[in-house]
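Participant: give me the fold of what follows.
(one chain, ligands or ions: 1)
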Amino acid sequence: MDKVFELISKEKERQEKQINLIPSENIAFEGVYEAVGSCLANKYAEGYPGRRYYQGNGLVDEIEILAQERGKKLFGVEHLNVQPYSGSPANSAVQMALLEAGDKICGLKLSAGGHLTHGHPKITFSGKYFESVQYDVEEDGRIDYDKLAQLVEQSRPKMIMAGTTAYPFILDWEKFGKMADLVGAWLVADISHIAGLVVGGVHPSPSPFVDVITSTTHKSLRGPRGAVIGVTKKGLNKDIDLAKKIDRAVFPGLQGGPHMNTIAGMAVAFEEAGKPEFGQYAKQVVANAKALETSLRSEGLKVYGTENHLMVVEVGFEKGKEAAVALEEAGIVCNANTIPHDKAGPFEPSGIRLGSPMETSKGLKEKDFEKIGKKIGEVIKKLGEGD
Ligand SMILES: *Cc1c(COP(=O)(O)O)cnc(C)c1O
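Facilitator: So this is what the prediction gives:
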């Protein structure tokens, strides 16, 4: 057997055997693998359905339209672009469509649970070509919406990015909407992490309050590795050409041929995620996270959260990486993460980030997560003993 397939088979075994608590990871729906590994990967389809540059695209047109229609219903949007290669290029496309170089963009700091593409200064596309205004969380890990509204009023950004990668609380879309409207800023909800919870009905949808929704499809949503950009009714009311501007930014602005195999995988996932069973799954994800939180607290650990699928746990000054390594040795996979206002740097943060989506997909319930919490408590306590 080719070495590559040997390694894939070992990785499959690892994913099955280890306890995976990385909140951005999941197990895709069965049909997604089939679509992504199909002959659709061979086809070039630059352009959009009905307007392609090459011939032979009749069938992939039908597939892309299926993905768009299913996704529009799922996310509650008027228009959906399903071509972004991943979450980061999706955000870049929105910024390219609606901002000029030097315009102001406002996003949550990376160290507070924001994403690199939300204006992280200097080293990212969004932080290098736009003027970045970043907001932080409070001591308790929560966004202070009054304080943020003040910052927005003073700095008057042209775009506000609302979305998170390590924020354990429900986001108040209405408040974001009000502050954006006050200064006439574009409001983008990046629901990459929580998409499965939103469409599963356990986190409010941003759709009525924002102009644009971006999301990866491979995290809590259990789809293929990719992303979508949705335009809401509110967004279209502001600018009738918003959908066209975004489509043009994705192609030909930033990307070439769309990955039709991935788009087919999205169509499969959107159908699955629209079923009542997926609502049950989303509920279980939150219930399991809550059970883990309760268990960790009874182990004496300080936990930020949770109201969603993830939490941040304090493990000691600069001990995050050490904790993550020790946990991996114990069969539990997670990642080191900054805690709110971490005095330690991002390479040696003081916390770990834990989430429930992947193990919930494997069928684990509250009782299992209680046990996992105990085990984590034991490992973290041993860390202290070495000092
Ligand atoms: C994961 C994530 C992204 C980036 O997605 P990639 O597919 O890794 O590029 C963007 N925004 C948020 C909020 C995310 O959680």
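Participant: how about the residues of the stretch 151-300 of the chain by the ligand?
Facilitator: Selection of the stretch 151-300 of the chain residues close to the ligand by CB under 6 Å from any ligand atom yields Gly163, Thr164, Thr165, Asp190, Ser192, His193, Thr216, Ala227. Where you see a C-beta, it was placed from the backbone N, CA and C, and this is true even at glycine.
Participant: please redo it, this time with the cut-off set to 8 Å
Facilitator: Neighbours of the ligand within the stretch 151-300 of the chain, by CB under 8 Å from any ligand atom: 163-165, 190-193, 214, 216, 218-219, 225-227.
Participant: okay, those in a markdown table with neighbour count and pLDDT next?
Facilitator: As requested, those are exported to a markdown table (neighbours: other CB atoms under 10 Å; pLDDT from 0 to 100):
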| residue | neighbour count | pLDDT |
| --- | --- | --- |
| Gly163 | 28 | 98 |
| Thr164 | 25 | 98 |
| Thr165 | 21 | 97 |
| Asp190 | 30 | 98 |
| Ile191 | 30 | 98 |
| Ser192 | 26 | 98 |
| His193 | 29 | 98 |
| Thr214 | 29 | 98 |
| Thr216 | 24 | 98 |
| His218 | 25 | 98 |
| Lys219 | 26 | 98 |
| Arg225 | 17 | 98 |
| Gly226 | 27 | 98 |
| Ala227 | 28 | 98 |
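Participant: neighbours around the nearest residue to Ser220 once chain neighbours are set aside, how many?
Facilitator: Closest residue to Ser220 apart from its sequence neighbours, by CB to CB, 6 or more residues apart in numbering: Gly196 at 2.9 Å. Residues near Gly196, counting by other CB atoms under 10 Å, number 28.
Participant: for the residue of the stretch 201-350 of the chain found nearest the ligand, grab phi and psi.
Facilitator: Per CB to the nearest ligand atom, Thr216 is where the stretch 201-350 of the chain lies closest to the ligand, at 4.6 Å. Per-residue torsions, Thr216: phi -70, psi 160 (degrees, to the nearest 10).
Participant: show me what contacts it?
Facilitator: Neighbouring residues of Thr216 by CB atoms under 8 Å, 6 or more residues apart in numbering: Ser86, Gly87, Ala90, Ser192, Ala195, Arg225, Gly226, Ala227.
Participant: I'd say the second one and Ser215 touch.
Facilitator: Yes - with contacts defined as CB atoms under 8 Å, Gly87 counts as touching Ser215 at a distance of 7.4 Å.
Participant: identify the contacts common to these two.
Facilitator: Asp190, Ser192, Ala227.
Participant: which ones among those lie within helices?
Facilitator: Among the shared contacts of Gly87 and Ser215, none falls in helices (DSSP state H).
Participant: what helix or strand does Phe369 sit in?
Facilitator: In the assignment (DSSP states H and E), Phe369 maps to helix 366-385.
Participant: err, Met161, not the other one
Facilitator: strand 159-163.
Participant: helices or strands next to that strand in the packing?
Facilitator: Under the contact criterion of 3 or more CB pairs under 8 Å, 6 or more residues apart in numbering; DSSP states H and E, the helices and strands touching strand 159-163 comprise helix 87-98, strand 104-108, helix 173-183, strand 186-190.
Participant: quick one: those as JSON lines, columns for distance to Gly305 too.
Facilitator: Output for these, formatted as JSON lines (distance: least, CB to CB, whole Å):
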{"stretch": "helix 87-98", "distance to Gly305": "22"}
{"stretch": "strand 104-108", "distance to Gly305": "15"}
{"stretch": "helix 173-183", "distance to Gly305": "18"}
{"stretch": "strand 186-190", "distance to Gly305": "19"}
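Participant: the residue nearest to Ala180 when sequence neighbours are not counted pairs with what?
Facilitator: Nearest residue to Ala180, sequence neighbours excluded (CB to CB, 6+ apart): Leu187, at 3.8 Å. Listed beta-bridge partners, Leu187: Ile160 (assigned using DSSP bridges).
Participant: give the contact list for Leu187.
Facilitator: Residues in contact with Leu187 (CB under 8 Å, 6+ apart) are Met159, Ile160, Ala162, Phe176, Gly177, Ala180, Phe209, Val210, Asp211, Val212.
Participant: how about a cut-off of 10 Å?
Facilitator: When contacts are counted by CB atoms under 10 Å, 6 or more residues apart in numbering, Leu187 touches 106, 159-162, 173, 176-181, 206, 209-213, 232, 234-235, 238.
Participant: Arg156 against Glu131, yeah?
Facilitator: No - applying CB atoms under 10 Å as the test, Arg156 and Glu131 come out as separate, 11.0 Å apart.
Participant: and the residue of this protein closest to the ligand?
Facilitator: Across the chain, no residue is closer to the ligand than Gly87, which sits at 2.3 Å (CB to the nearest ligand atom).
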